[in-house]
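In: need coordinates for the below:
(one chain, ligands or ions: 1)
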Amino acid sequence: MVLALTFLGLIVLRVALLTLGGLLLIRPVRRCPACFGPTVPVLISWLERLTRLEWRWCARCGWRGLARRDRPPSRA
Ligand SMILES: [Zn+2]
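Out: Model (predicted):
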């Protein structure tokens with residue numbers, strides 16, 4: 001039982017560290033990485049409420065991607 005709990009704890013720790021590392025890799029995006037045009041945030045309420053991430057869209061080339069939010073959440 002102790003061994004199973006230890007392995008379960010290690011799995012949870014591994015998932016938490018991988019999630020944290022992945023979130024640190026996501027950076028704020030103001031300019032489109034494909035065409036350097038301005039991007040606009042797409043409102044996804046649960047994503048904005050639960051995380052500090054937002055979905056951004058480039059109107060010029062259609063690029064879509066996840067970005068870290070660098071402004072306070074909107075009050076829509
Ligand atoms: Zn673009």
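In: quick one: the residue nearest in space to the middle of the chain from the ion, how far?
Out: Centroid check for the chain by CA atoms, centre = their mean gives residue 53 as the closest residue, at 4.1 Å. With the distance defined as CB to the ion, to the nearest Å, residue 53 ends up 19 Å from the ion. Just so you know, the C-beta spots here come from the backbone N, C-alpha and C atoms, and that holds for glycine as well.
In: that residue reaches residue 44, doesn't it?
Out: No. Under the criterion of CB atoms under 8 Å, residue 53 is not in contact with residue 44, lying 9.1 Å apart.
In: show me what counts as buried in the worst-scoring helix or strand of the chain on mean pLDDT.
Out: When each helix and strand of the chain is scored by mean pLDDT, DSSP states H and E, helix 45-50 comes last, with a mean of 81. Going by neighbour count (16 or more other CB atoms under 10 Å), the buried part of helix 45-50 is residue 48.
In: distance from that helix to the middle of the chain?
Out: 10 Å (CA atoms, centre = their mean, to the nearest Å).
In: who are the packing partners of it?
Out: Contact partners of helix 45-50 among helices and strands, from 3 or more CB pairs under 8 Å, 6 or more residues apart in numbering; DSSP states H and E: strand 53-58.
In: could you pull out the helices for this protein?
Out: Residue ranges of the helices in the chain, as given by DSSP state H, are 2-25, 45-50.
In: could you check the angle strand 53-58 makes with the longest one?
Out: What that stands for is helix 2-25. 40 degrees (axes from the mean of the first three to the mean of the last three CA atoms, to 10 degrees).
In: averaged pLDDT, helix 2-25. What do you get?
Out: Per-residue pLDDT values across helix 2-25 average out to 94.
In: get me the contact residues on the chain for the ion.
Out: By CB under 5 Å from the ion, the residues of the chain that approach the ion are 32, 34, 35, 37, 58, 60, 61, 63.
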